[in-house]
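J.: for reference, the sequence and a predicted model appear below.
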Number of protein chains: 2
Amino acid sequence: MFEVLKTNGNARRGRLTLPHGVVETPVFMPIATKGAVKTLSSTDMEKLGAQILLSNTYHLLLRPGLEGIKKHGGLHKFMNWSKPILTDSGGYQVFSLSKLNKTTEEGVTFQSHIDGTKINLTPELSMEMQTAIGSDIIMQFDDVAAGGADRERHEAAMERSLRWAERCRVALIVGAKNFLPQQFGIIQGGTHVDLRERSLAGLAEIGFDGYAIGGLSVGEPREEAYRIVDKIAPQMPVDKPRYFMGGGMPEEIVHYVRAGVDMFDCVLPTRNARHGTLFVWNIDPENWQPLAGEENSEFYSQLHITNEKFSFDEGPIDPFCDCETCQTTSKAYLRHLFQVQEILALRLATVHNVRFYIRMMERVREVGR
Amino acid sequence: MFEVLKTNGNARRGRLTLPHGVVETPVFMPIATKGAVKTLSSTDMEKLGAQILLSNTYHLLLRPGLEGIKKHGGLHKFMNWSKPILTDSGGYQVFSLSKLNKTTEEGVTFQSHIDGTKINLTPELSMEMQTAIGSDIIMQFDDVAAGGADRERHEAAMERSLRWAERCRVALIVGAKNFLPQQFGIIQGGTHVDLRERSLAGLAEIGFDGYAIGGLSVGEPREEAYRIVDKIAPQMPVDKPRYFMGGGMPEEIVHYVRAGVDMFDCVLPTRNARHGTLFVWNIDPENWQPLAGEENSEFYSQLHITNEKFSFDEGPIDPFCDCETCQTTSKAYLRHLFQVQEILALRLATVHNVRFYIRMMERVREVGR
């Protein structure tokens, strides 16, 4: 169940009730690719205020596999995470990670990037795998056109994605045993507004519990993504959650919230952390007020902790941050840990960046109260 | 100050009062090589019950360096650890890690294994560095003979170590400003009892706050190390702490406790953890009673978490363990994290193994009550 609690222009504050708990939106979903957010435990994610995690069907299909995850009794139990989980369909990773993938109307045949095993991933198998995972939100399996594809390819991929959306809906309903998880359709069509609108109309006709905008944040100019989302998000069903897949930087997320999007995921906070790039507030996140002399800047900036200038900086990464890293660690010490290649550096940096994104969304919701 | 609270044969339970706190002995000191126990934070170490950490002068001399650690105001502040720290002298690492090292009576000239910088490490520089670190216990700089060295080399190294011990004692006293840290001498002499006895006598004549047995756990047969420690430990001053450097497996530590040793360090719990080798109790650590059918086995065993047989083992690593990993993680999930090469695996395994060693010592002290 999804309730819109308040609106402000196109932006909405909402509440999504799922089998494993209630999610306040707009929400950021940290990515537990292979059943763990890189460097962090489920206990850590709970402490950081994560409401829902995203995990990748493709990776879990390879290891522990469909039969494996069934025997484990689902991902919640396996990773000891009691709150909601959303899984993607595997479509995107098949194209970006696997070797020798071949798409037909039936599905995608690919070789595992781990051991070369040949796997035939169909809409039906994706639904079976996501059901076995025990996801609270199951994404449809979609045909993903490459970033630089032409209109014709985008149109074909969008139309095939619609046909697969219908197969996914049927497969999920037929396969459901004890309860029917929520299922989201994915709007495709590249940067072509008319294709996006046809995609949305087709999905709405099938009827999903939520709708996602896919196929953006794949290298296109930011303005193109903004143009599509500004146009499409307000047309998406008002009574269903709206999910922008795979993006992006903090200001992009805020832009999409203003356009009416409710859910986000992104690898940036975790990936940047592992490269020593940390997000810091340029405003006081408690009152969203610009700091003295910072009126014209972005609400955040990035800091490269390995920079020489932090060698003797005894302050925390961010005086406004309430994460464990900022409570216990100086910039100088964190820089040292990166310099001497201590694994601990990756964890401390990740804790901070994930907390930054989660706190940003807490603040976005607060503004919407 | 060191008090022996109780004895049982040669074994002792004691209390060592240091500038940063009281250490109950026998004690295991986890190794924070470069200013962090690999994969773990100072907060983690506190939660695991660590009373004192060991850090390596050699590594800290390379980064952040002598001037660096001075500017940081010492290691306690730098790594945010409020309890005691012991530092080794750098001698051992110079031989095992550096390139082109050359020993003269003055000290050891070596090339940094990081950037090739030439460094002349003398007893005096080692004392200056350890003082800058702010160690609670400063180890003398010693000349370390290679594992397979002959008696002549062991004798020469032992005698040079004695001369360096005197220089270290003088340098520390002369260099001390606000307070005089505790300083330990290191008994050398390989597996030659008479050399060991001469080394001990020489050190005792100089007078240290504690004495260590060095140059064992370097590849010699275990029986040789047992023979030396059984003979030497009871001869060490009864009113000073006794430290066995660099060893070893749990049963070795228990053996050395029985011989009268009070302090231990070892890389095994952390290194084994990163290779997926975990220590588990074969007894109930609360009452040290053998489990049914286990009467004749060691009090612990090792488990290789990547073993296929743990694929669907939903139990914790060790039902007797009270660490966070065992409270939250199944063997199957930890195995999965190792299989998919998640960094989190290393941390979860390290938490468990360090806790095993610390709890073993808690139990050893309990037995001595």
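T.: Now that the structure is in, tell me what you want to look at.

J.: and the residue of the stretch 251-369 of chain A found nearest chain B, how many neighbours does it have?
T.: Nearest residue of the stretch 251-369 of chain A to chain B, counting by CB to the nearest CB: A:V340, 4.4 Å away. Just so you know, the C-beta spots here come from the backbone N, C-alpha and C atoms, and that holds for glycine as well. Per other CB atoms under 10 Å in any protein chain shown, the neighbour tally for A:V340 reads 18.

J.: wait, it sits on B:K34?
T.: Yes. Between A:V340 and B:K34 there is a contact under CB atoms under 8 Å: 4.4 Å.

J.: need the overlap of contacts for the two.
T.: Residues touching both A:V340 and B:K34 (CB atoms under 8 Å, 6 or more residues apart in numbering or on different chains): B:H59, B:R63.

J.: tell me where the stretch 201-350 of chain A has strands.
T.: Secondary structure of the stretch 201-350 of chain A by DSSP state E, counting those that start in this stretch: the strands cover A:210-213, A:242-244, A:263-265, A:277-281, A:283-284, A:289-290, A:300-304.

J.: quickly run through the sheet partners of the second one, with directions.
T.: This points to strand A:242-244. strand A:210-213 (parallel), strand A:263-265 (parallel) (DSSP bridges).

J.: what's the spacing between it and its chain's center?
T.: On the basis of CA atoms, centre = their mean, to the nearest Å, strand A:242-244 sits 9 Å off its chain's mean C-alpha point.

J.: what average pLDDT does it get?
T.: Across strand A:242-244, pLDDT averages out at 98.

J.: residue at max distance from the center of chain A?
T.: Each residue of chain A has a distance to the centre, and by CA atoms, centre = their mean the biggest one is for A:F312: 35.9 Å.

J.: for that residue, report the pLDDT, please.
T.: We have a pLDDT of 97 for A:F312.

J.: do I have it right that it meets B:K71?
T.: Yes. A:F312 is in contact with B:K71 according to CB under 8 Å; the separation is 5.3 Å.

J.: interface residues of the stretch 51-200 of chain A facing chain B?
T.: Contact residues, the stretch 51-200 of chain A versus chain B (CB under 8 Å from any CB of the partner chain): A:H59, A:R63, A:P64, A:G68, A:K71, A:H72, A:K77, A:F78, A:M79, A:N80.

J.: from these, pick the one nearest A:R167.
T.: Nearest to A:R167 among those: A:H59, at 22.7 Å, using CB to CB.

J.: and the helices in chain A?
T.: Using DSSP state H, the helices of chain A run over A:42-47, A:57-62, A:66-72, A:75-79, A:91-97, A:123-133, A:151-175, A:193-206, A:222-232, A:250-259, A:268-274, A:324-328, A:331-339, A:343-367.

J.: mind putting the ones you listed into a markdown table with distance to B:S217?
T.: As requested, those are exported to a markdown table (distance: least, CB to CB, whole Å):
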| stretch | distance to B:S217 |
| --- | --- |
| helix A:42-47 | 35 |
| helix A:57-62 | 41 |
| helix A:66-72 | 41 |
| helix A:75-79 | 38 |
| helix A:91-97 | 45 |
| helix A:123-133 | 47 |
| helix A:151-175 | 58 |
| helix A:193-206 | 66 |
| helix A:222-232 | 58 |
| helix A:250-259 | 51 |
| helix A:268-274 | 35 |
| helix A:324-328 | 33 |
| helix A:331-339 | 28 |
| helix A:343-367 | 25 |
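
J.: point out where the stretch 251-369 of chain A drops to low pLDDT.
T.: In the predicted model of the stretch 251-369 of chain A, residues A:289-296, A:368-369 satisfy pLDDT under 70.

J.: near chain B, which residues of it?
T.: A:311-312, A:314, A:324, A:328-330, A:332-333, A:336-337, A:339-340, A:342-344, A:346-348.

J.: try 10 Å
T.: Neighbours of chain B within the stretch 251-369 of chain A, by CB under 10 Å from any CB of the partner chain: A:274, A:311-312, A:314, A:324-325, A:327-330, A:332-333, A:335-337, A:339-348, A:350-351.

J.: excluding its backbone neighbours, what's nearest the residue of the stretch 101-250 of chain A found nearest chain B?
T.: Nearest to chain B, among the residues of the stretch 101-250 of chain A, is A:I114, at 8.8 Å (CB to the nearest CB). Sequence neighbours aside, A:L62 is the residue nearest to A:I114 in space, at 5.3 Å (criterion: CB to CB, 6 or more residues apart in numbering or on different chains).

J.: need the contact list for the one you found.
T.: Shown in contact with A:L62 (CB atoms under 10 Å, 6 or more residues apart in numbering or on different chains): A:34, A:56, A:68, A:90, A:93, A:97-98, A:112-115, A:117, A:119, B:340.

J.: residues in a beta bridge with A:T7, which ones?
T.: Listed by DSSP bridges, the beta-bridge partners for A:T7 are A:R12.

J.: surely it meets A:R258?
T.: No. Between A:T7 and A:R258 there is no contact under CB atoms under 10 Å: 11.4 Å.

J.: these two: which is more packed in?
T.: Using other CB under 10 Å as the criterion, A:T7 and A:R258 rank with A:R258 on top: 16 against 13.

J.: OK, contacts around A:F320?
T.: A:F320 makes contact with A:V280, A:W281, A:N282, A:I283, A:D284, A:P285, A:E286, A:L291, A:C326, A:F356, A:R359, according to CB under 10 Å, 6+ apart.

J.: if you set the cut-off to 7 Å instead, what comes out?
T.: With contact taken as CB atoms under 7 Å, 6 or more residues apart in numbering or on different chains, A:F320 is in contact with A:W281, A:D284, A:P285.

J.: repeat for A:G246
T.: Contacts of A:G246 by CB under 7 Å, 6+ apart are A:S217, A:D265, A:C266.

J.: now A:A345
T.: A:L334, A:L337, A:F338.

J.: now do A:Q111
T.: Per CB under 7 Å, 6+ apart, neighbours of A:Q111: A:S98, A:K99, A:L100, A:T117, A:K118.

J.: what's near enough to touch the residue in the stretch 1-150 of chain A that chain B sits nearest to?
T.: Chain B sits closest to A:K34 of the stretch 1-150 of chain A, with a gap of 4.4 Å, by CB to the nearest CB. Listed by CB under 7 Å, 6+ apart, the contact set of A:K34 reads A:H59, A:L60, B:V340, B:E342.

J.: export those to a markdown table and tack on distance to A:K231?
T.: Below are the contacts of A:K34 laid out as a markdown table (distance: CB to CB, whole Å):
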| residue | distance to A:K231 |
| --- | --- |
| A:H59 | 33 |
| A:L60 | 34 |
| B:V340 | 39 |
| B:E342 | 39 |
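
J.: closest to B:L195 among the residues you listed?
T.: Among the contacts of A:K34, B:E342 lies closest to B:L195 (CB to CB), at 48.5 Å.

J.: show the model's pLDDT score for the nearest residue to A:V257 once chain neighbours are set aside.
T.: Spatially, and ignoring its direct neighbours in sequence, A:V257 is nearest to A:P26 (4.9 Å; CB to CB, 6+ apart). A:P26 carries a pLDDT value of 98.

J.: where does A:P26 fall, phi/psi-wise?
T.: phi -60, psi 140 (degrees, to the nearest 10).

J.: okay, it and A:V37: tell me how far apart.
T.: For A:P26, the distance to A:V37 equals 19 Å [CB to CB, to the nearest Å].

J.: just A:H20 next, same as before
T.: 17 Å.

J.: repeat that for A:V27.
T.: Remark: distance between A:V27 and A:V37 (CB to CB) = 15 Å.
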